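Trainee: predicted coordinates and the sequence they were generated for:
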Amino acid sequence: MSQAAIWDRFAKGYAKRAISDPESYNRKLEQTAQRLTPSSRLLEIACGTGTTALWHAPNVAHVRASDFSSQMIAIARQKAEDAGVTNVEFVVEAIDDLPRPEAPFDVALAMSILHLLPDPTATLRRVTDCLRPGGYVFSSTVCLRDMGGLVPRLIPYLSWTRLLPRLNPMSADQVIAAHEAAGLRILDRWSAGPGSALFIEAQTPE
């Protein structure tokens with residue numbers, strides 16, 4: 001079973017699942033919104049069922065949000081239609097197929113995705129190539145290696161059995177290093193506590 005098929009299987013349950021830490025999620029939304037203007041073009045990779053893209057939609061000119069799960073995108077499109085949102089383009093697309101845009105984006109989101117990728121640095125470089133000079137990248141990454149105990153050891157087995165999607169157990173230092181290797185300058189980073197995702201605000205070279 002492909003990774004996309006695994007996420008297709010999870011899509012309906014994922015859409016119904018409550019946000020586990022609303023306070024942190026809202027803080028991430030608000031920090032991102034500070035970099036947005038009514039003329040901004042926003043890119044989101046691995047957008048899931050579109051909650052974050054739709055939240056930011058009223059604050060920008062255009063959002064391009066993609067995910068390789070067709071079921072996730074189907075739910076996102078329905079949510080946009082139900083809400084009457086017309087400036088969000090939801091696309092079924094693998095990250096490796098992300099095209100270079102005709103007009104660069106101002107801000108990019110990579111939320112809850114880098115720990116699911118074999119080469120986070122390559123993905124961040126691909127995202128950076130879609131941004132204007134001085135554009136912003138926001139990411140939120142579960143640092144599985146920092147959890148300790150049996151979690152990192154069990155991950156390869158659970159991924160092999162398809163009980164979980166493929167996971168990359170990175171530490172916070174490795175996540176930061178991936179951003180820097182992609183040519184990004186870290187502006188801010190924080191976590192709500194042990195076991196929580198690492199949120200990073202970074203900027204492309206001017």
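Mentor: Yep, that arrived. Residues are numbered from 1 along each chain as shown.

Trainee: ok, residue 132 touching residue 105?
Mentor: Yes. With contact defined as C-beta atoms under 8 Å, residue 132 counts as touching residue 105 (7.1 Å). The C-beta positions use only the backbone N, C-alpha and C, and glycine is treated the same way.

Trainee: between these two, which is the more surrounded one?
Mentor: residue 105 (23 against 14; other C-beta atoms under 10 Å).

Trainee: in space, what's closest to that one - neighbours in sequence excluded?
Mentor: residue 43 (4.2 Å; C-beta to C-beta, 6 or more residues apart in numbering).

Trainee: tell me what the one helix or strand the one you found maps to is packed against?
Mentor: Using DSSP states H and E, residue 43 sits within strand 41-45. The contact analysis (3 or more C-beta pairs under 8 Å, 6 or more residues apart in numbering; DSSP states H and E) places strand 41-45 against helix 51-56, strand 62-67, strand 105-111, helix 120-128.

Trainee: tell me where this structure has helices.
Mentor: All helices of the chain, identified by DSSP state H, fall at 3-16, 22-33, 51-56, 70-83, 120-128, 151-160, 172-181.

Trainee: if we can go back for a sec, can you redo the helices and strands packed on strand 41-45 as a markdown table with mean pLDDT and distance to residue 183?
Mentor: Converted to a markdown table, these look like this (pLDDT from 0 to 100; distance: least, C-beta to C-beta, whole Å):
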| stretch | mean pLDDT | distance to residue 183 |
| --- | --- | --- |
| helix 51-56 | 98 | 24 |
| strand 62-67 | 98 | 21 |
| strand 105-111 | 98 | 13 |
| helix 120-128 | 97 | 6 |
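
Trainee: circling back to that earlier point, okay, now the sheet partners of the strand holding residue 43, with direction.
Mentor: Using DSSP bridges, the strands paired with strand 41-45 are strand 62-67 (parallel), strand 105-111 (parallel).
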